[in-house]
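Trainee: Need a 3D model of the following:
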Amino acid sequence: MTDATTLAAGAAIWRPPADPAEVAEILLVHRPKYDDWSLPKGKSDPGEHILLTAVREVWEETCVRPVLGPRLPTVEYISWGRPKQVSYWSSFSDGHEAAPGNEIDAVSWLPVGRAREQLAGTHDDPVISAFRPLQTVPLILVRHASAGRKADWSGDDCRRPLDAARGGRRAGAGQPDGLLRPRRAGDQLAGAALHRYRAPVRGGVRGDGRDRALPGPVRPVGGLFLPNGPG
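Mentor: Residues are numbered from 1 along each chain as shown. Down below sits the predicted model:
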């Protein structure tokens, strides 16, 4: 990749099939500019993290806000005389209603086999060929930040907030921590032992300090192991 490379990202959105004989359905979008069907994707904004690009572009094109899952192949090709690199993730959709969005005039849920036929020979071909319908548990690794001095905090250590000067960098639109911003008034990012947040994070970070147990055993997925207890 060079400085001239155009960065883009998208996702293979999938859901359980209507026909039990199929393994999954994939969401494709129709682009009137090119008169073709493709996976939802788009270019990164300046300074935007590639994860945010994938989420934003899928949302803008399909009206579905994805929760990114396993990584899919990255595709590189020449577009309008410049190298282009498109990163993809798999994303399970649980009951989301899709609709045409920005630069899209139609969306369609297709069984995996038909989606592969539709995308055969296109830049999305290696992506859809590598797709497998696998539900995963989100595991977020957070870089340690300053949470002040324990001696200066008299409350529950699980509720000790990040230090505004050194650890409480505001979640900006161009960084992946923007996806983890508190979603409700009164919530905050808090510093605490990692095992206290061992439950999957779904849609935001809560600072209430409660120890939420995992909903059942967790299998290793893609070489990552999520323990069921502290340690």
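
Trainee: For the residue lying closest to residue 135 once chain neighbours are set aside, the count of nearby residues, please.
Mentor: Nearest residue to residue 135, sequence neighbours excluded (Cβ to Cβ, 6 or more residues apart in numbering): residue 92, at 5.4 Å. Yep, even glycine has a C-beta here, placed from its N, CA and C like the rest. Look at residue 92: counted by other Cβ atoms under 10 Å, it has 20 neighbours.

Trainee: got a list of what residue 92 touches?
Mentor: By Cβ atoms under 8 Å, 6 or more residues apart in numbering, the contact set of residue 92 is 14, 15, 67, 69, 133, 135.

Trainee: which among those end up buried?
Mentor: By neighbour count, with 16 or more other Cβ atoms under 10 Å, these hold 14, 15, 67, 69, 133 as buried.

Trainee: hang on, the earlier thing: right, and the pair among the contacts of residue 92 with maximum separation?
Mentor: Greatest spatial distance in these: 67 and 133, 14.7 Å, computed using Cβ to Cβ.

Trainee: Could you list the low-pLDDT ranges of the protein?
Mentor: 1-2, 138-145, 164-231 (pLDDT under 70).

Trainee: per-domain residue ranges of it.
Mentor: Per the record, the chain has its domains at 6-130, 138-231, by automatic domain parsing.

Trainee: List phi and psi for residue 116.
Mentor: Residue 116 adopts backbone torsions of phi -70, psi -40, taken as degrees, to the nearest 10.

Trainee: hang on, isn't it packed against residue 129?
Mentor: Yes: assessed by Cβ atoms under 8 Å, residue 116 is found in contact with residue 129 at 6.4 Å.

Trainee: in this structure, which spans are strands?
Mentor: If DSSP state E is used as the criterion, the strands of the chain fall at 6-15, 25-31, 36-38, 41-43, 71-79, 82-92, 106-111.

Trainee: What is the fifth one packed up against?
Mentor: Which is strand 71-79. strand 82-92, helix 125-130 (3 or more Cβ pairs under 8 Å, 6 or more residues apart in numbering; DSSP states H and E).

Trainee: in the sheet, who's paired with the closest residue to residue 17 other than its chain neighbours?
Mentor: Nearest residue to residue 17 in three dimensions, chain neighbours excluded: residue 25, at 5.1 Å (Cβ to Cβ, 6+ apart). The partner list for residue 25 in beta bridges (DSSP bridges) reads residue 15, residue 111.

Trainee: Residue 25: neighbour count?
Mentor: 22.

Trainee: residues contacting it?
Mentor: By Cβ under 8 Å, 6+ apart, the contact set of residue 25 is 14, 15, 16, 17, 18, 109, 110, 111, 112, 115.
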